[in-house]
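K.L.:
predicted model, plus sequence, below.
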Amino acid sequence: MRYAHEVDKVRAAEAALLARLPEGTLMQRAAAGLAAVCASLLPRVYGADVVLLVGGGDNGGDALYAGERLARRGARVVAVPAGSRTHPAGLAALLAAGGRLGDAAEIDTADLVIDGLTGIGGGGALREPYAALARRANETPGLVVACDVPSGVDANSGRVEGEAVRADVTVTFGTHKPGLFIDPGAARCGVVELVDIGLGPELPDPDVTVTGPDDVDPPLPGPESDKYRRGVVGIVAGGEQFTGAAVLSTGGAVHGGAGMVRFVSVAPAVAVVRRRWPEAVTTVIEPGDAAGLAAAGRVQAWVVGPGLGTGDAAAALVAAALGTDVPVLVDADGLTVLARHRDLLPGRTAPTVLTPHAGELARLLDADRADIEARRLEHVRRAAAELRATVLLKGSTTLIAAAGRPVRVNPTGTSWLATAGTGDVLSGLIGALLAGGMAALDAAAAGAYLHGMAARLAADGAPLAAGDVIGALPAAFRTLAGT
Ligand SMILES: NC(=O)C1=CN([C@@H]2O[C@H](COP(=O)(O)OP(=O)(O)OC[C@H]3O[C@@H](n4cnc5c(N)ncnc54)[C@H](OP(=O)(O)O)[C@@H]3O)[C@@H](O)[C@H]2O)[C@@H](O)CC1
Ligand SMILES: Nc1ncnc2c1ncn2[C@@H]1O[C@H](COP(=O)(O)OP(=O)(O)O)[C@@H](O)[C@H]1O
Ligand SMILES: [K+]
């Protein structure tokens, strides 16, 4: 499992390690790793044109020492300083190895550019001349290798406020930084290579982990299984007018491995679901009939909200589901209802999973949507703590938080998922995994992984419809070992 640490943890670990090592050791380890990756990317190091973009801090120092190593192997290395200060020992080493100082125009013809403008010390939008150098590096036909973090990307959050380097490869040191995994920063990194500088023993538990195939462990049927033991998921979705969300959520559950799907709603939604998913066992209720929900039969997890509406009838059903002692996933309209009835959450004894997009989370937290999108990690953590739930924040990087646990980042998504109805599929899928007995955080992470994988398989470079994601769920499950 790949993992990441925030900057303060990295600095503390570095300080602990530095205290035991001769001065400069860590920077030399970082530079050696960076130079080795650069050398592996060049057809030939000897004679290659390498430009170093050198900021005023130690990130620039790393780039200078990596440049020294490449110069010693015969590369023509030019340093372009951006700060009022340039790491003096690093610059001296580069010059002694045959490197020289140059200007920004040399970026245009470089075979390889090393971005050493800012690393974990960067903050806010890049100022000039840093920004202009980043812009120019983004236009060069040569390779761009970011040192530690692409400059302009906030290492903790992935936030990009102005110009940011778009790297082909990012060579990061000691541990990953969360911003390398979270968009928009993640999209600037290219391939991420981790260089071991010996930090491991000094590092605390990670702040963020990335779900890998080995972490996705959905319940599988065995000889003892029957439909009840595999898990019955109850879905409360759709209304008089909106029936599509109900169909999609039910489809996600049917193909998500539920032993049985119970669908509970008003007559028009039940009619449509029954036609599309004869596998579902349906119950017709009057609008807002909480007793009807309770009488639908035993379930091991509820999904409530897609297409439900946001009025009093919907609120009664959300309250009824949250009043049970089984896991409940609240999505879509259910979240809008919850924003007005936050009192429904604290009394729960069973797990609650909330699956908002940024707009829905903004309503839940009384926050600004743009602020949530800019600082997704911070907000998803805050939501999990304040709402006492597992919170899955949807969007171009799906993040999943539960209090006291590392935030999970989902790596499988694709921007083709940005189409109406795909979120409804996700809710049914996670509901099925909850009903199958998975813990809330694991179910949400596994659901996001399988959903993103299904979308990739279904899209294959072309637009997809939400229904295609359902159709590709079996193929997504098959990508996991052991299924
Ligand atoms: N610690 C260690 O042991 C190890 C650390 N290592 C390396 O050190 C890096 C951290 O070095 P660091 O702390 O010196 O910070 P760094 O990333 O160079 O940034 C500071 C510079 O950026 C500038 N700057 C900032 N924001 C800016 C903006 N918006 N726009 C423009 N400029 C801006 C800021 O300017 P100032 O604010 O001073 O004017 C200052 O000059 C780390 O990422 C890794 O590469 C490795 O060698 C392994 C061992
Ligand atoms: N730019 C994007 N890149 C990757 N995935 C995205 C992007 N935008 C949205 N998604 C994903 O698409 C789905 C949309 O869900 P949602 O917003 O609830 O839509 P709906 O309510 O129409 O079903 C979520 O899984 C979300 O993570
Ligand atoms: K950098």
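P.N.:
Ah, there it is. Ligands and ions are numbered 1, 2, ... in the order given.
K.L.:
how about the residues of the protein by ligand 1?
P.N.:
Taking Cβ under 6 Å from any ligand atom, the part of the chain that reaches ligand 1 is made up of 14, 18, 26-27, 30, 55-60, 62, 83, 118-127, 130, 147-148, 173, 197. Backbone N, C-alpha and C define where each C-beta goes, glycine included.
K.L.:
okay, now L344: neighbour count?
P.N.:
L344: 19 surrounding residues under other Cβ atoms under 10 Å.
K.L.:
surely it and L322 touch.
P.N.:
Yes: at 4.7 Å, L344 counts as touching L322 under the criterion of Cβ atoms under 8 Å.
K.L.:
hey, C-alpha coordinates of stretch 423-441 in PDB?
P.N.:
Taking C-alpha atoms only, stretch 423-441 is exported to PDB below (Å, rounded to 0.1, in the frame of the first residue of the first chain):
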ATOM      1  CA  GLY A 423     -22.800   8.400  -7.900                       C
ATOM      2  CA  ASP A 424     -26.000   6.400  -7.600                       C
ATOM      3  CA  VAL A 425     -24.300   3.300  -8.800                       C
ATOM      4  CA  LEU A 426     -21.600   3.800  -6.100                       C
ATOM      5  CA  SER A 427     -24.100   4.100  -3.300                       C
ATOM      6  CA  GLY A 428     -25.700   0.800  -4.200                       C
ATOM      7  CA  LEU A 429     -22.300  -0.900  -4.500                       C
ATOM      8  CA  ILE A 430     -21.100   0.300  -1.200                       C
ATOM      9  CA  GLY A 431     -24.400  -0.700   0.400                       C
ATOM     10  CA  ALA A 432     -24.000  -4.200  -0.900                       C
ATOM     11  CA  LEU A 433     -20.400  -4.400   0.600                       C
ATOM     12  CA  LEU A 434     -21.700  -3.100   3.900                       C
ATOM     13  CA  ALA A 435     -24.500  -5.700   3.900                       C
ATOM     14  CA  GLY A 436     -21.900  -8.300   3.200                       C
ATOM     15  CA  GLY A 437     -20.200  -7.400   6.500                       C
ATOM     16  CA  MET A 438     -17.400  -5.200   5.500                       C
ATOM     17  CA  ALA A 439     -16.400  -2.400   8.000                       C
ATOM     18  CA  ALA A 440     -17.500   1.000   6.900                       C
ATOM     19  CA  LEU A 441     -14.100   2.400   5.900                       C
END
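K.L.:
tell me if it is near ligand 2.
P.N.:
Yes: counting by Cβ under 6 Å from any ligand atom, ligand 2 has neighbours in stretch 423-441: 423-424, 426.
K.L.:
and the residues you listed, which are buried?
P.N.:
423-424, 426 (16 or more other Cβ atoms under 10 Å).
K.L.:
pLDDT below threshold where in the stretch 251-400 of the chain?
P.N.:
Counting by pLDDT under 70, the stretch 251-400 of the chain shows no low-confidence range.
K.L.:
where exactly do the helices run in the stretch 1-150 of the chain?
P.N.:
In the stretch 1-150 of the chain, helices defined by DSSP state H, counting those that start in this stretch lie at 7-18, 25-41, 58-72, 88-96, 130-139, listed in chain order.
K.L.:
reformat those helices as JSON lines; add mean neighbour count.
P.N.:
Compiled in JSON lines, those are given as follows (neighbours: other Cβ atoms under 10 Å):
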{"stretch": "helix 7-18", "mean neighbour count": "17"}
{"stretch": "helix 25-41", "mean neighbour count": "20"}
{"stretch": "helix 58-72", "mean neighbour count": "27"}
{"stretch": "helix 88-96", "mean neighbour count": "18"}
{"stretch": "helix 130-139", "mean neighbour count": "20"}
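K.L.:
I'd like those laid out as JSON lines, including mean pLDDT.
P.N.:
Written out in JSON lines, the entries for the helices of the stretch 1-150 of the chain read as follows (pLDDT from 0 to 100):
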{"stretch": "helix 7-18", "mean pLDDT": "96"}
{"stretch": "helix 25-41", "mean pLDDT": "98"}
{"stretch": "helix 58-72", "mean pLDDT": "98"}
{"stretch": "helix 88-96", "mean pLDDT": "98"}
{"stretch": "helix 130-139", "mean pLDDT": "98"}
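K.L.:
mind putting the ones you listed in CSV, distance to ligand 3 included?
P.N.:
Formatted as CSV, the entries for these read as follows, by distance: least, Cβ to the ion, whole Å:
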stretch, distance to ligand 3
helix 7-18, 13
helix 25-41, 10
helix 58-72, 5
helix 88-96, 14
helix 130-139, 9
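K.L.:
for those helices, which one sits closest to K227?
P.N.:
Nearest to K227 among the helices of the stretch 1-150 of the chain is helix 7-18; the distance by Cβ to Cβ comes to 46.3 Å.
K.L.:
send me the closest one as CSV with only the CA atoms.
P.N.:
The C-alpha trace of helix 7-18 is given here as CSV (Å, rounded to 0.1, in the frame of the first residue of the first chain):
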residue,chain,number,x,y,z
VAL,A,7,5.1,18.1,5.8
ASP,A,8,5.4,18.6,9.5
LYS,A,9,5.8,14.8,10.0
VAL,A,10,8.4,14.7,7.2
ARG,A,11,10.4,17.5,8.8
ALA,A,12,10.2,15.9,12.2
ALA,A,13,11.4,12.6,10.9
GLU,A,14,14.2,14.3,8.9
ALA,A,15,15.3,16.2,12.0
ALA,A,16,15.5,13.0,14.0
LEU,A,17,17.5,11.3,11.4
LEU,A,18,19.8,14.2,10.7
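K.L.:
domains in this protein, by residue range?
P.N.:
Following the assignment in automatic domain parsing, the chain carries domains at 2-210, 213-478.
K.L.:
which residues in the stretch 201-350 of the chain form strands?
P.N.:
Counting by DSSP state E, counting those that start in this stretch, one finds strands in the stretch 201-350 of the chain at the ranges 208-210, 232-236, 260-265, 281-284, 301-304, 328-330.
K.L.:
who are the packing partners of the third one?
P.N.:
I take that to be strand 260-265. Contacts of strand 260-265 with other secondary structure elements, assessed using 3 or more Cβ pairs under 8 Å, 6 or more residues apart in numbering; DSSP states H and E, are made with helix 227-230, strand 232-236, helix 244-254, helix 267-276, strand 281-284.
K.L.:
many thanks, we can stop here.
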